[in-house]
Structures are given as C-alpha cells and as structure tokens.
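Asks: Below: sequence and its predicted model.
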Amino acid sequence: MRVIDSHTEGEPTRLIIDGGPPLGRGPLAERRQLFADTFDHVRRFAVNEPRGYDALVGALLCEPEDPTCTAGLIFFNNVGYLGMCGHAMIGAAVTLAHLGRIGLGAHRFETPVGIVSVELTGRNEAAVENVESYRHLKAVRVEIDGLGIVIGDVAWGGNWFFLTEFAPCPLVIGNIPTLTQAAQAIQYALKAQGVTGAGGAEIDHIEIFGAPRSPEAASRNFVLCPGGAYDRSPCGTGTSAKLACLAADGKLGPGERWIQESIIGSRFEAHYRPGERGGIIPRIGGRAFICSETNLWQDPADPFRHGIGGG
Ligand code: PYC
C-alpha cells in the first residue's frame, strides 16, 4: 500500500494513494459501509500500530461518482470511520498538489456526508468549505461523577460534537491527560443519559473550550476524538460545529472571522455563509506539510499484519 503522510496544524493524515480496498463505484456512504463491513482489517492495517498510532487519521482516495469532483475521500481512524474530516481534507489537498495532481484554486471532493469544496491557496495552505453545519441541541445538562453538572451544545459539523465551556483545568499541553479523562467522562455520561445527535447518532467527539493564548485567536479548544486521541489541530469539523453554535446564538455573523486555537497552539481561520437548510456553510483554512512517502508492507507470517486492536 502506498501512502503519503502529512500533518495539518500538527494533526496527522495518512492518504492512501494506491493499494486500498476494492470498493467499486457508487455513493461514498455506501462504499464506506462496504469498507467497514468487508475490509475493516485494511483500516486497522493502515492506521493502527505497529504501522500507525492512535492520533493518525487515514484517508482513502477514491474515484468520484460525481464528474464535477476531483476525487472521493473516506476518512477513518484507529477505531472506525468519520463522516468528514477537516484537517485530513486540507492534508489531502496539499498532498495531491505535492503529487502534481491538482493546482491552486477550488476543487470539489465527495465524502460520505456530502460534497465539500477545497481551495488550495498555496503550496501548504488550503481552506475547506464544509458540509452544512448546524446546532442540534442547546444547553444540554449532563451529570458527571466527579465533575458535577456540565452544560453544552450538540452540533453537527460533518461529525457529531458535544461542545462545552466547562474546562476542569487550563487548556495547556501539560493538562492533556486530565482533559482526556474529563472528555471521556462527558462522552460516557452523554451515552448513559441517552443524549445523541439527530436520529440517535452517537456523539463521538467532545470539544472543550477556553480562553486563547494568542491575542489574534478567539478561543482555544481541546478535542477528544473517537479513538481516545486528542486532535492536535483545532479540528475542522469541530470548528464547523462551533461556528454553527455561535451563529445560532447570534454571536458571529456571516463573513466574520473566527480564529480557533488548538491545545498545541496551532490555528484554523474560519468564517461562514448561511446554508440552504437553516444551518451554515463553514470555511476553515489551515496549513499542511508533507511528512513522508511510504510503502506499507504486509507479511503473511506477521501476527500483527492487520494491526493491533481497534475493532
Ligand atoms: O479536522 O475534522 C477534523 C478532525 C476530525 C477528527 C480529527 N480531526
């Protein structure tokens, strides 16, 4: 399997260029289901140890169904599949430019949750116009052992998020273990108390907000991803969900700039335009850098040829 690794504002992406599972044609949501049902060992092989690690997000490059799209992308991680992934979309665009497959300008990509547009604005810079994002629930109260009552919103940004200003400690790198523990407790409580996204969808990302370090940023976040790793970037779909909540509260208008800082101090620059179904269309910009070009090998004698853990 041929892969190219990059990072977007610190968060890693592994783009599968060649040697992915044979998913055929059809809507990306159906191909993602086939991936999960029949080729899940390929996901584990590509991103789990010993060839990967828990923070790594995989992106499978697919033939698009829609002829106006450059490609399709299916995103996955150490435990399963994502709807959309903002940082990985930026990483994929920069990687495709590195391969000479796309140039500066706007390109459309299919994802399992809809078509997104990515504008490559420089060799290492791109901005994603995401799927329509919206707040689903406002000021949900969840009771958490050891933390008390935590209040937050539930929003869609291409994945489901619970967003809260409740931070058990300052949002600094040294507190990542405590923040991870608190976010996991929140996620557990949401599940136990039956709080979900639309149609009973699992809320698999928890986003904790606090004051930014940099004077240009509006906010700093800590984002817990489904497999237990934290997002090193400010999270593209998480920033989309945040913008949806700010818009719903009348705190950020269309076109107004929002700089979201991550727990490691990296940033996404964002704004939105109104969507067609009452939500917003966020635009999230950031930088990505190529880290390595690799061939992953699978030896039939290797007891860990399908990766370690992860389903
Ligand atoms: O950037 O959307 C994102 C993302 C989701 C999970 C990790 N990063």
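Replies: Sure thing, it's come through.

Asks: CA only for contacts and neighbour counts going forward, please
Replies: Noted.

Asks: Would you mind naming what in the stretch 51-200 of the chain lies close to the ligand?
Replies: Applying Cα under 6 Å from any ligand atom, one finds that the stretch 51-200 of the chain approaches the ligand through Cys85, Gly86, His87.

Asks: Could you give the average pLDDT over the helix or strand hosting Leu120?
Replies: Under the criterion of DSSP states H and E, Leu120 resides in strand 114-122. Averaged across strand 114-122, pLDDT comes to 98.

Asks: Please provide the alpha-carbon coordinates for the next helix or strand along the chain from that strand, formatted as CSV.
Replies: Scanning forward in sequence from strand 114-122 by DSSP H and E, the next helix or strand is strand 125-129. In CSV, the C-alpha atoms belonging to strand 125-129 read as follows (Å, rounded to 0.1, in the frame of the first residue of the first chain):
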residue,chain,number,x,y,z
GLU,A,125,-2.3,26.1,2.6
ALA,A,126,-5.9,25.2,1.9
ALA,A,127,-9.4,26.2,3.0
VAL,A,128,-12.3,23.7,3.2
GLU,A,129,-15.9,24.8,2.5
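
Asks: Next, the angle from strand 125-129 to strand 114-122.
Replies: Here strand 125-129 runs at an angle of 160 degrees relative to strand 114-122 (axes from the mean of the first three to the mean of the last three Cα atoms, to 10 degrees).

Asks: Would you mind giving the secondary structure of Val169?
Replies: Actually, residue 169 is Cys rather than Val. Classification of Cys169 using DSSP: H, G, I helix; E, B strand; the rest coil returns coil.

Asks: Spit out the contact partners of it.
Replies: The contact partners of Cys169, taken as Cα atoms under 8 Å, 6 or more residues apart in numbering, are Asn175, Thr178, Leu179.

Asks: any idea of the pLDDT on Asp145?
Replies: Model confidence at Asp145, given as pLDDT, is 86.

Asks: Return the residues in contact with it.
Replies: Ala185.

Asks: secondary structure element for the residue nearest to Ala155 when sequence neighbours are not counted?
Replies: Of all residues not flanking Ala155 in the chain, Arg135 sits nearest, at 4.1 Å (Cα to Cα, 6 or more residues apart in numbering). Using DSSP H and E, Arg135 falls within strand 134-144.

Asks: Please point out which parts of the following helix or strand past that strand sit buried.
Replies: Scanning forward in sequence from strand 134-144 by DSSP H and E, the next helix or strand is strand 148-156. For strand 148-156, burial by neighbour count (16 or more other Cα atoms under 10 Å) applies to Val150, Ile151, Gly152, Asp153, Val154, Ala155, Trp156.

Asks: and what of stretch 282-302?
Replies: For stretch 282-302, the neighbour count (16+ other Cα under 10 Å) marks Pro282, Arg283, Ile284, Gly285, Gly286, Arg287, Ala288, Phe289, Ile290 as buried.

Asks: Now do the contacts for the closest residue in space to Gly122 that isn't next to it in sequence.
Replies: Spatial nearest neighbour of Gly122, excluding adjacent residues (Cα to Cα, 6+ apart): Leu104 at 6.6 Å. Residues in contact with Leu104 (Cα under 8 Å, 6+ apart) are Ala97, Glu119, Leu120, Thr121, Gly122, Arg123.

Asks: out of those, which is most surrounded?
Replies: By neighbour count, taken as other Cα atoms under 10 Å, the most surrounded of the contacts of Leu104 turns out to be Leu120 (22 neighbours).

Asks: tell me the domain ranges of the chain?
Replies: Domain segmentation of the chain under automatic domain parsing yields 2-129+291-295, 134-274.

Asks: nearest to Gly309, of these?
Replies: Nearest to Gly309, of all those, is domain 2-129+291-295, at 7.4 Å by Cα to Cα.
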